[in-house]
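Participant: Structure for this input, please:
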Amino acid sequence: MLDAEGRMLEIADVDAAALKEARAIIASDISDGSIDLDQGIEVQDRSGEVVNRTAFRDAVRITLGGRRLY
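Facilitator: Next up is the predicted model:
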């Protein structure tokens, strides 16, 4: 399957690729001073069937004073 940049992915690699991409988007967003954790990535196969959903809130762990916020 192809990702947004046109790379072919094996189905076994989709979860890791989606997680990596979610974290890259979050890292880019933080440089602008804002993160919207109410977003995510949806991966579809060639037929349009969703094979993965990765929520941004699940891609990172946010803590404050030792307490997990997300």
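Participant: Quick one: the helices in this structure, in order.
Facilitator: Using DSSP state H, the helices of the chain run over residues 14-31, 56-59.
Participant: how far is the last one from where the chain is centred?
Facilitator: This points to helix 56-59. Here helix 56-59 shows a centroid-to-chain-centroid distance of 7 Å under the convention Cα atoms, centre = their mean, to the nearest Å.
Participant: other SSEs contacting it?
Facilitator: When contacts are defined as 3 or more Cβ pairs under 8 Å, 6 or more residues apart in numbering; DSSP states H and E, helix 56-59 packs onto helix 14-31. To be clear about C-beta, it is placed using only N, CA and C from the backbone, and glycine gets the same treatment.
Participant: Kindly provide the whole-number mean pLDDT of the helix it packs on.
Facilitator: The average pLDDT for helix 14-31 rounds to 92.
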